[in-house]
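> Got a predicted structure plus its sequence, pasted below:
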Amino acid sequence: NAYVTKLNQILGDELEGETIEAIAVKAKADGDGPLFNQAAQHFNHSFYFAAMKPNAPGSMPAELETALTKDFESVDAFKTAFMDKAVGNFGSGWTWLVYDTADTKLKIVNTGNAGMPEGTQRPVLTMDV
């Protein structure tokens, strides 16, 4: 809530109708650190919490399991690699499972502070570290 409240104070009506991701990308490109921090943290936290579902099925979708096995050898190997990457993320930040459209692979990336996947990386899953 604090990120949204502060973001609304900074923005006012500017950029109304834009997605939160587009606002964060524009703020970063413009070098507007305060706006980027609020918008990116709003995006990151919204993405993070949207992945949590009560009464979720006990198994992952078959398509995701196939993709994880293809790019990490197994789901268990992915889990280990994801946790290792998260534990190694120094300070405040995020660990992401991303789909990189440039080489059509799943990858694990760390971002610091309000950082979010960029360029050809599309977020699939994240953990707030």
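In hand now; what should we look at?
> Got the domain ranges for this protein?
1-58, 59-128 (the TED database).
> can you list contacts of the worst-scoring helix or strand of the chain on mean pLDDT?
The least trusted helix or strand in the chain, going by mean pLDDT, DSSP states H and E, turns out to be helix 2-11, with a mean of 86. Contact with helix 2-11 is made by 23, 34, 35, 38, 39, 41, 42, 45, as judged by CB atoms under 8 Å, 6 or more residues apart in numbering. In short, each C-beta sits where N, CA and C put it, glycine included.
> remind me, longest helix of this protein?
The longest helix of the chain (DSSP state H) is helix 33-50.
> Which elements pack onto that one?
In this structure, helix 33-50 makes packing contacts with helix 2-11, helix 20-29, strand 121-128, judged by 3 or more CB pairs under 8 Å, 6 or more residues apart in numbering; DSSP states H and E.
> run the last query once more with 10 Å
Packing contacts for helix 33-50, counted by 3 or more CB pairs under 10 Å, 6 or more residues apart in numbering; DSSP states H and E, involve helix 2-11, helix 20-29, strand 93-100, strand 121-128.
> Can I get stretch 67-82 in CSV, CA atoms only?
Only the C-alpha atoms of stretch 67-82 are listed here, as CSV (Å, rounded to 0.1, in the frame of the first residue of the first chain):
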residue,chain,number,x,y,z
ALA,A,67,9.8,-26.3,-19.6
LEU,A,68,11.6,-26.5,-16.2
THR,A,69,12.8,-30.0,-17.0
LYS,A,70,14.0,-28.9,-20.4
ASP,A,71,16.0,-25.9,-19.1
PHE,A,72,17.1,-27.1,-15.6
GLU,A,73,17.1,-30.9,-16.1
SER,A,74,14.4,-31.5,-13.5
VAL,A,75,11.9,-29.6,-11.3
ASP,A,76,14.0,-30.5,-8.3
ALA,A,77,17.2,-29.1,-9.9
PHE,A,78,15.3,-25.9,-10.7
LYS,A,79,14.1,-25.6,-7.1
THR,A,80,17.7,-26.0,-5.8
ALA,A,81,19.1,-23.5,-8.4
PHE,A,82,16.3,-21.0,-7.6
